[in-house]
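Enquirer: no FASTA, just this:
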Ligand SMILES: [Zn+2]
Ligand SMILES: [Zn+2]
């Protein structure tokens, strides 16, 4: 069977993918005869479109899955998608905006219908794209975080946390996105550097008769204090000014009263060691409702909390004349008014870091609001332990430290979102009871205040009337009323994805009670035949993920696994690099520097995309340009061409599939022993690289072996002995086994070729991984063959220097430096003669130079090429002379160039280095030409 002359990925990829899928090769289930190997996919958002980050992430997962499947494991790659609360809601809001509608125009129910419609229509785009990538997921299991079953697990976990006292409601200053109009967790509001200003504002003192030497202006009379702020509009919510108690400038002023400009509220000067003496003037405004640190100060000093904004960041009734202005518009007007009143001291440019909404990039407003939180410290503790003990391992190792420092400083998790798309909190209120509670609070407000009750205490009391339940209760358990309504907020998207490693397994398998833990206990004591998927595949084996979601997701999965399954969710976490462009900028659609993986697939083929990405995936970030994918394409073509050669020359009688080869080493030529040794050496190294999650190393080993060792040397040398049985068997076996090793990296081209080779079985993807035969590895022998290659390369160089055509057979004399080299060269003279296109090879006894020869030196011998009769010596000498003149000219101009200041200052370091290297190379070429000039005299 032959294969076409040219490799065309488009013709074969869909065909093989369909074949694998239809045959059920991706499916996995409980198999007591095998060890499980399981990866859960980081579920892409239903709004997702395949980008290079996905391509990298999923290629690596597929390599691991296919590799372990071939190694005899029951390999399950669990697929699914995430409902992506805010992101999806934003997309659908944009869509209905085109019809002139806002979500409130539709109402909750109708709006959610539109989101589900959108999901049905577009939500599987990314899944289809993952299939184009060759991903061998068990698609029948595809999960969605809003599936009925999955949602059941979410509610169950919420109730369990509530029962454990780990969920509470509180008023806190949280990250608020005024555009999305919802609370965000700290992780969802990453800081970005901004160029802003520091505004210095004068706050007048109520009593003007104070004297003080320090912050006075001139006459020893203090009439105001200057505060510095980056958000002047928030001054309307100030309820104090704070100074450090050790700050001598303000010592006498602590306890005095200031008049808050523009709003004329009386506020006190307080002292607290939290204040940084070095920031601004050392006196800071305190806005407890609009800053997380001021919030703490406010609680501590029992200050008033004045909220000055509506949820959309327009100012509210507490902002006096500025009511209804947008926060940034108000900033301008306030600054103008302050200036007119002579209260704006100065403005300084100031670099600051502000939180930005990770979904819409709007600047976050720290905002006081009532939200639901999960207490994280008790959950973090065991999750720190398992990493410390090495039960969960991070690769590369440096991520362990990042994980630890976050976990050790963990904050409570704000889990409520004021959006509609998502899991509604399973919290119900009894109208009657809650009314009673409010009444109680109103009637007892004085005594509650005296006790210094915090909102947290109030919310504890509020529990009367709150019902937390997986299903809607029919009656209030406190009063029996049926007037019950559900909480409006939905849960943070990550509150569902942190259950991914176990909630993806069918809940229906959870016998009897739906409690995971009870279920597992039961199974552990039961007969093995009763094992369910969950019990068989959990803990999963590896998690492959991007660094951005280490805290969002990875850390929380570890916590959830330990809490609800009483076991880690995965043993290894591989965190791959970030995909960047060649200049180092992160690839992104908005920056316009993204390379579309589907375009690469269409142009170069999926295997080219996969292989190039893998070979760039070192332990750090990836720097990609479109050209880098040519490497993968060229490699696929190289394999294709070599395989065609083998197929055309294969004698099918000699290489039956069942053939068990017992080579006797003494019957093998050096080159045969060498290629076998090389093959098993790289097989061993690849196993090691994959075990260490060094994917680029594995890819590059394979590349070097197949391209250089197998194609360039072994097949070339074997051309003379193609009919011999050993050659036939080795050629076939090495190719077939190399394809198997290559399969996880390049699944399509390997399947197409493998099917054309003599084979047994339906597909290469379910073949076993080649068995390591250590007896063939001979590390002493490998260098011998390399010495022979040195000699051949050297003769080829000499030939090209005097422009010999391939059909011009030349004679060569060799003087080996040692007796062992003499033997080595003699026993491989056939190979040298053939590959260097020689008519004669003399091995010299003496080191004296033969007449009329060009010479070269290798590690083992002097090489002399006899030129008499092959070339026109006179013409050659003229050409060499011209060559020397030309190269000398070039080197002169290059040297002048790198001495030029202008060039040095402007050119990138890379270009300068390249220029220097080129000068050195030309220098060597001139030296070589001069030597030839001597030799041709
Ligand atoms: Zn937003
Ligand atoms: Zn009630």
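Expert: Right, received. Where do you want to start? Computed from a predicted model, the values in this text were never measured in an experiment. Ligands and ions are numbered 1, 2, ... in the order given.

Enquirer: what sits against the spatially most central residue of the chain?
Expert: When Cα atoms, centre = their mean is applied to the chain, the residue found nearest the centroid is residue 546 (2.4 Å). Residue 546 makes contact with 42, 53, 57, 575-576, 578 under the criterion Cβ atoms under 8 Å, 6 or more residues apart in numbering. All C-beta atoms are positioned from the backbone trio N, CA, C, and that covers glycine.

Enquirer: Name the helix or strand for residue 903, please.
Expert: helix 901-906 (DSSP states H and E).

Enquirer: Ok, residue 915 next?
Expert: Short version, using DSSP H and E: residue 915 is in helix 909-935.

Enquirer: Quick check: which ranges of this protein have low pLDDT?
Expert: The model of the chain has pLDDT under 70 over residues 1, 208-222, 441-464, 507-530, 656-663, 665.

Enquirer: need the longest strand for it.
Expert: In the chain, with assignment by DSSP state E, the single longest strand is strand 191-204.

Enquirer: elements contacting that one?
Expert: strand 224-229, strand 257-260, strand 344-355 (3 or more Cβ pairs under 8 Å, 6 or more residues apart in numbering; DSSP states H and E).

Enquirer: Go through these and name the closest to ligand 2.
Expert: Ligand 2 sits nearest to strand 344-355 of all the helices and strands packed on strand 191-204, at 39.2 Å, using Cβ to the ion.

Enquirer: picking that back up, what distance separates the helix holding residue 903 from the centre of its chain?
Expert: Relative to the mean C-alpha coordinate of its chain, helix 901-906 is positioned 37 Å out (Cα atoms, centre = their mean, to the nearest Å).

Enquirer: Kindly report the same for stretch 909-921.
Expert: That offset, for stretch 909-921, works out to 34 Å (Cα atoms, centre = their mean).

Enquirer: same thing with stretch 762-782?
Expert: Taking mean C-alpha positions (Cα atoms, centre = their mean), stretch 762-782 and its chain are 32 Å apart.

Enquirer: Next up, the contacts around residue 131.
Expert: Listed by Cβ under 8 Å, 6+ apart, the contact set of residue 131 reads 17, 139.

Enquirer: mind running it again at 10 Å?
Expert: 14, 17-18, 21, 79, 137, 139 (Cβ atoms under 10 Å, 6 or more residues apart in numbering).

Enquirer: thought residue 654 was touching residue 727?
Expert: Yes - applying Cβ atoms under 10 Å, one finds residue 654 in contact with residue 727, separated by 9.4 Å.

Enquirer: quick one, which of these two is more surrounded?
Expert: residue 727 (23 against 15; other Cβ atoms under 10 Å).

Enquirer: Relative to residue 775, how far out is the more buried one?
Expert: From residue 727 across to residue 775, the span is 20 Å (Cβ to Cβ, to the nearest Å).

Enquirer: Could you do residue 353 as well?
Expert: Using Cβ to Cβ, residue 353 is found at 61 Å from residue 775.

Enquirer: swap in residue 262?
Expert: Applying Cβ to Cβ to residue 262 and residue 775 gives a distance of 88 Å.

Enquirer: ok, now which ones touch the closest residue to residue 46 other than its chain neighbours?
Expert: Distances taken as Cβ to Cβ, 6 or more residues apart in numbering place residue 123 nearest to residue 46, at 3.7 Å, with adjacent residues excluded. Contact partners of residue 123, counting by Cβ under 10 Å, 6+ apart, are 45-48, 81, 83-84, 88, 115-117, 144.

Enquirer: Out of those, name the ones that lie in helices.
Expert: With helices taken from DSSP state H, the overlap with the contacts of residue 123 comprises 88, 115-117.

Enquirer: And the buried ones among the residues you listed, selectable in PyMOL?
Expert: Only the buried entries of the ones in helices among the contacts of residue 123 go into this PyMOL selection, using 16 or more other Cβ atoms under 10 Å:
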select buried, resi 88+115
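
Enquirer: which bits of the protein sit near ligand 1?
Expert: 177, 179-180, 357, 359-360, 362 (Cβ under 5 Å from the ion).

Enquirer: From the residues you listed, keep the buried residues only.
Expert: The neighbour count (16+ other Cβ under 10 Å) marks 177, 180, 357, 359, 362 as buried among the residues of the chain next to ligand 1.

Enquirer: of all these, which two lie farthest apart?
Expert: Taking Cβ to Cβ as the measure, these span a maximum distance of 8.8 Å, between 359 and 362.

Enquirer: Please compute how far stretch 73-90 lies from its chain's middle.
Expert: With Cα atoms, centre = their mean, you get 16 Å for stretch 73-90.

Enquirer: now for it, what's the gap between its first and last residues?
Expert: Start-to-end span of stretch 73-90 (Cα to Cα, to the nearest Å) is 42 Å.

Enquirer: didn't residue 730 look like it was pressed against residue 677?
Expert: No - under the criterion of Cβ under 10 Å, residue 730 makes no contact with residue 677, lying 11.7 Å away.

Enquirer: Tell me which of those two has more neighbours.
Expert: Neighbour totals were compared for residue 730 and residue 677, and residue 730 leads with 24 against 20 (other Cβ under 10 Å).

Enquirer: What separation is there between the more buried one and residue 655?
Expert: In terms of Cβ to Cβ, residue 730 sits 10 Å off from residue 655.

Enquirer: cool, residue 18 as well?
Expert: For residue 18, the distance to residue 655 - Cβ to Cβ - is 30 Å.

Enquirer: who's more crowded, the two?
Expert: Shown here are residue 18 and residue 655; by other Cβ under 10 Å, residue 655 has more neighbours (20 against 11).

Enquirer: all strands in the stretch 801-937 of the chain, in order from the N-terminus.
Expert: 810-816, 838-843, 853-857, 861-866 (DSSP state E, counting those that start in this stretch).

Enquirer: Same question for the stretch 251-400 of the chain.
Expert: 257-260, 265-271, 283-286, 344-355, 365-374, 393-395.

Enquirer: quick one: strands adjacent to the fifth one?
Expert: Strand 365-374 has these partner strands in its sheet, going by DSSP bridges: strand 167-177 (antiparallel), strand 413-414 (antiparallel).

Enquirer: Make JSON lines from the ones you listed and add distance to residue 642 to it.
Expert: Converted to JSON lines, the strands paired with strand 365-374 look like this (distance: least, Cβ to Cβ, whole Å):
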{"stretch": "strand 167-177", "distance to residue 642": "56"}
{"stretch": "strand 413-414", "distance to residue 642": "55"}
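
Enquirer: the helices in the stretch 701-850 of the chain, which residues?
Expert: Under the criterion DSSP state H, counting those that start in this stretch, the stretch 701-850 of the chain contains helices at 716-718, 725-742, 747-756, 781-801, 819-827, 829-835.

Enquirer: Tell me which of these approaches residue 301 most closely.
Expert: Nearest to residue 301 among the helices of the stretch 701-850 of the chain is helix 747-756; the distance by Cβ to Cβ comes to 65.0 Å.

Enquirer: Nearest to residue 863, out of the ones in helices among the contacts of residue 123: which one, please.
Expert: Set against residue 863, the nearest of the ones in helices among the contacts of residue 123 by Cβ to Cβ is residue 88 (69.5 Å).
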